[in-house]
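Q: return a 3D structure for these sequence lines:
(one chain, ligands or ions: 1)
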Amino acid sequence: MTDASTRTSRLDAVIVGAGFAGMYALHKLRGLGLSVRAFEAGSGVGGTWYWNRYPGARCDVESLEYSYSFSDPLQQEWEWPERFSAQPDILKYANHVADRFDLRRDIQFNTRVKSAVFSRSSNLWTVQTDRGDVIEARFCIMASGNLSLPRVPDIQGIESYKGEWYHTGQWPKTPVDFTGKRVGVIGTGSSAIQLIPVVAEQAKHLTVFQRTANFSLPSGNEPLDPAFVRAFKQRYTEHRAEADRTPFGIAGHPPPTKFSREATPQEREQAYTARWGTGGNIAFLYAYKDLLVDKEANEIASDFVRRKIRETVKNQAVAEDLLPNDHYIGTKRLCLDLGYYETFNRDNVSLVNLRKAPIETITERGLRTTQAEHALDAIIFATGYDAMTGALLDIDIRVENGPSLRDKWAAGPTTYLGLLTAGFPNLLIITGPGSPSVKSNMIAAIEQHVDWIHDLLAHVKASGIARVEADPQSEQSWVSHVNDVANSTLYPLANSWYVGANIPGKPRVFMPYVAGLDKYRVICNDVAASGYRGLVMER
Ligand code: NA7
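A: Purely as a prediction, here's the structure:
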């Protein structure tokens, strides 16, 4: 590793980020004999799992699936303790991978990439960091993550607050002790739903400020049974191959065979009851073929969950406030929890429905809504991210004498396959907008992208190509296709971060590709097999 300095260095490829995408990209591109270095803002590897240290942070994809498949010895030797991994275990795994594949020598930590400028005369990117590094590189690989730019909302008075405050996505490394404190949580997305039961155990009082009620299912998390794991590992290769043939990149859930309307009410009730509490949002959404495309089918599933909420929460006024009623189930991230709704039965937990009493201001002592003042020793912002495009656009990416990526994407991101964006040569995006990314097992999506990029760069190297970029027409067709697929589902109807609705002023564009990772993989393979149809290459 080169120490941070102002001297210019030359590399084949710069990788932005050392989360799961950056780590695998580094490993894979080294295999091509390229000189590669990753730059990482954190002091360690792990990306999302490095930053999200909030109490209760956990993955909602099962551990044996949410792990790298590229190395059989790795997947055989690693032992996951729980069915759904907690953040500390995933971070341990990331560190193990970094050590096992000797990645750290090519990662510069505590360094944030600030700009990347491409010169069409030299065919080089000039990448600058906040520590004064200037790197010239032929390729710039964006592994900057989909949920990596945390967002603290612009609530009036925040600067006057005298208590402690935290964002779930930038949690301190030393655990925070809320014992004896009056704590407020703003937000009820996945992060809050995981955090609330844990903080409620500690805090003197916990007030949950909810703007939009969300659907959540009991995760059914449990310790992994060693005999089950042994049997699973004997067939790991087959499991991975099966996962590759599924839309979410996750094996073990038989795809639905029936439409909801083909079942009787009793059959539907049985189907949802069987799936409730068995864990996994996919199992639930896989009950019927049309759950995410047909409003009536979806409403039946939504109603089932609402009924469960009413049954779980003792105070019916609180239960009513917790009922999700502004979106179809599954069109926002369907949360998994460990006792979320039960937490509202505790004496030290209260719910504030911000739809009835919006936040007016944060004060020195706490938070004031239109109905009451809440004295708080600590505020936790579980308010999410500038998702999908935030981290990319945080970097000043431009072509010399040309537009910036911020300019190009002013009306929403446009990409070819989610991997390249026209007008920005030799820039490759891992799990970019327009690819399955967050609508699939992220590690499976990452591996698929990195493998594709690896093969592209091998081709470029072997053919003496200096510049590769997306053809604007092909990009336009891909964007139309992504939109057509999204519009055939209920997804775009929800005010989710998938459409940027959580960021005031962000253009409303449905960003992930939702035809499924299986179909997408075939398309990408086909593009490669055709000699990279849709890409313009110059020697
Ligand atoms: P999310 O899912 O974006 O949730 C953010 C929550 O914060 C959501 O309930 C928001 O309500 C709420 N929020 C945001 N801004 C405000 C303001 N100004 N006032 C009140 N409430 C607000 O982020 P998470 O971190 O929970 O999850 C992100 C992803 O990480 C998740 O989907 C998984 O994939 C892992 P809103 O719904 O906007 O009304």
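Q: residues in contact with the least confident helix or strand in the chain by mean pLDDT?
A: Using mean pLDDT, DSSP states H and E, helix 281-285 stands out as the lowest-scoring helix or strand of the chain, at a mean of 89. With contact meaning Cβ atoms under 8 Å, 6 or more residues apart in numbering, helix 281-285 is reached by 60, 217, 248, 250, 253, 272, 275-276, 291-292, 301, 329-330, 334-336. All C-beta spots, glycine's among them, are computed from the backbone N, C-alpha and C.
Q: repeat the analysis, applying 7 Å as the threshold.
A: For helix 281-285, contacts defined as Cβ atoms under 7 Å, 6 or more residues apart in numbering pick out 60, 217, 248, 250, 253, 275, 291, 292, 330, 334, 336.
Q: show the contacting residues for the third one.
A: The one in question is residue 248. Residue 248 neighbours (Cβ under 7 Å, 6+ apart): 282, 440, 441, 517.
Q: cool, the last one as well?
A: Taking Cβ under 7 Å, 6+ apart as the contact definition, residue 336 lies against 60, 84, 216, 217, 219, 281.
Q: where does it land in three-state SS?
A: Of the three states, residue 336 takes strand under DSSP: H, G, I helix; E, B strand; the rest coil.
Q: buried ones in the lengthiest helix in the chain, by neighbour count?
A: Across the chain, the longest stretch assigned as helix under DSSP state H is helix 442-463. Residues 442-457, 459-460 are the ones in helix 442-463 that count as buried (16 or more other Cβ atoms under 10 Å).
Q: which two of the contacts of residue 248 have the greatest separation?
A: With Cβ to Cβ as the measure, no two of those lie farther apart than 282 and 517, at 12.1 Å.
Q: still on that earlier bit, which of the contacts of helix 281-285 fall in strands?
A: Judged by DSSP state E, the subset of the contacts of helix 281-285 located in strands is 217, 336.
Q: and which of the contacts of helix 281-285 is nearest the ligand?
A: residue 60 (6.9 Å; Cβ to the nearest ligand atom).
Q: state the number of residues packed around that closest one.
A: 21 (other Cβ atoms under 10 Å).
Q: just the pLDDT at it, thanks.
A: Looking at residue 60, its pLDDT reads 94.
Q: which residues in the stretch 401-539 of the chain form strands?
A: 427-429, 467-470, 535-538 (DSSP state E, counting those that start in this stretch).
Q: kindly report the same for the stretch 151-300 of the chain.
A: Here the stretch 151-300 of the chain has its strands, by DSSP E, counting those that start in this stretch, at 164-167, 182-186, 205-210, 216-218.
Q: so in that sheet, which strands flank the longest one, and in what orientation?
A: According to DSSP bridges, strand 205-210 forms sheet pairs with strand 182-186 (parallel), strand 349-353 (parallel).
Q: using CSV, write out the CA atom coordinates for the first one.
A: Provided in CSV are the C-alpha atoms of strand 182-186 (Å, rounded to 0.1, in the frame of the first residue of the first chain):
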residue,chain,number,x,y,z
ARG,A,182,-35.0,9.0,27.1
VAL,A,183,-34.5,8.1,23.5
GLY,A,184,-36.3,9.1,20.4
VAL,A,185,-36.1,7.2,17.1
ILE,A,186,-37.1,9.0,13.9
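Q: which residues touch residue 471?
A: Per Cβ under 7 Å, 6+ apart, neighbours of residue 471: 422, 534, 535, 536.
Q: over to residue 292?
A: 285, 298, 330, 489, 490, 491.
Q: could you redo the last one with a cut-off of 10 Å?
A: Counting by Cβ atoms under 10 Å, 6 or more residues apart in numbering, residue 292 makes contact with 285, 298, 301, 328, 329, 330, 331, 488, 489, 490, 491, 514.
Q: phi and psi next, for residue 315.
A: With angles defined as degrees, to the nearest 10, residue 315 sits at phi -80, psi 110.
Q: returning to what we had before: winner for burial among the strands paired with strand 205-210?
A: strand 182-186 (a mean of 25; mean count of other Cβ atoms under 10 Å).
Q: and that strand, how far from the chain's centre?
A: 24 Å (Cα atoms, centre = their mean, to the nearest Å).
Q: among the strands paired with strand 205-210, which is nearest the ligand?
A: Judging those by Cβ to the nearest ligand atom, what sits closest to the ligand is strand 182-186, at 5.1 Å.
Q: that closest one vs the ligand: in contact?
A: Yes - counting by Cβ under 6 Å from any ligand atom, the ligand is contacted by strand 182-186 at residue 186.
Q: could you dump the strands of the stretch 151-300 of the chain into JSON lines with mean pLDDT added?
A: Shown next, in JSON lines, are the strands of the stretch 151-300 of the chain (pLDDT from 0 to 100):
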{"stretch": "strand 164-167", "mean pLDDT": "98"}
{"stretch": "strand 182-186", "mean pLDDT": "98"}
{"stretch": "strand 205-210", "mean pLDDT": "98"}
{"stretch": "strand 216-218", "mean pLDDT": "96"}
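Q: for residue 247, what are its contacts?
A: Taking Cβ under 10 Å, 6+ apart, we find residue 247 in contact with 255, 282, 286, 436, 439-440, 514-520.
Q: show the buried residues in these.
A: 282, 286, 436, 439, 440, 514, 515, 516, 517, 518, 520.
Q: now, which of these lie within helices?
A: Counting by DSSP H, the buried ones among the contacts of residue 247 place 282, 517, 518, 520 in helices.
Q: of these, closest to the ligand?
A: Nearest member of these to the ligand, counting by Cβ to the nearest ligand atom, is residue 282, at 13.3 Å.
Q: which pLDDT value goes with the residue nearest to the closest one when sequence neighbours are not counted?
A: Leaving aside its sequence neighbours, residue 282 sits nearest to residue 253 (Cβ to Cβ, 6 or more residues apart in numbering; 5.1 Å). Looking at residue 253, its pLDDT stands at 86.
Q: residues of the stretch 351-500 of the chain that sit close to the ligand?
A: Counting by Cβ under 6 Å from any ligand atom, the stretch 351-500 of the chain sits next to the ligand at 354, 359, 382, 383, 384, 497.
Q: contacts only, for residue 338.
A: 56, 58, 84, 193, 194, 197, 198, 216, 218, 219, 220, 221.
Q: ok, now how distant is the closest residue in space to the third one that isn't next to it in sequence from residue 378?
A: Taking Cβ to Cβ, 6+ apart as the measure, residue 84 lies nearest to residue 221, with 4.6 Å between them; neighbours along the chain are not counted. As defined by Cβ to Cβ, to the nearest Å, residue 221 lies at a distance of 26 Å from residue 378.
Q: how about residue 239?
A: 42 Å.
Q: do residue 272 as well
A: As defined by Cβ to Cβ, residue 272 lies at a distance of 38 Å from residue 378.
Q: now swap in residue 60 and tell me
A: For residue 60, the distance to residue 378 - Cβ to Cβ - is 26 Å.
Q: and if you look at residue 313?
A: For residue 313, the distance to residue 378 equals 25 Å [Cβ to Cβ].
Q: is it true that residue 279 touches residue 84?
A: Yes - here residue 279 reaches residue 84: they are 7.2 Å apart, a contact under Cβ atoms under 10 Å.
Q: what do the two both touch?
A: Common contact partners of residue 279 and residue 84 (Cβ under 10 Å, 6+ apart): 60, 62, 219, 220, 221, 222, 336.
Q: let me know the closest of these to the ligand.
A: Of all the shared contacts of residue 279 and residue 84, the ligand sits closest to residue 60, with 6.9 Å by Cβ to the nearest ligand atom.
Q: so how far is residue 189 from the closest one?
A: Between residue 60 and residue 189 the computed distance is 12 Å (Cβ to Cβ).
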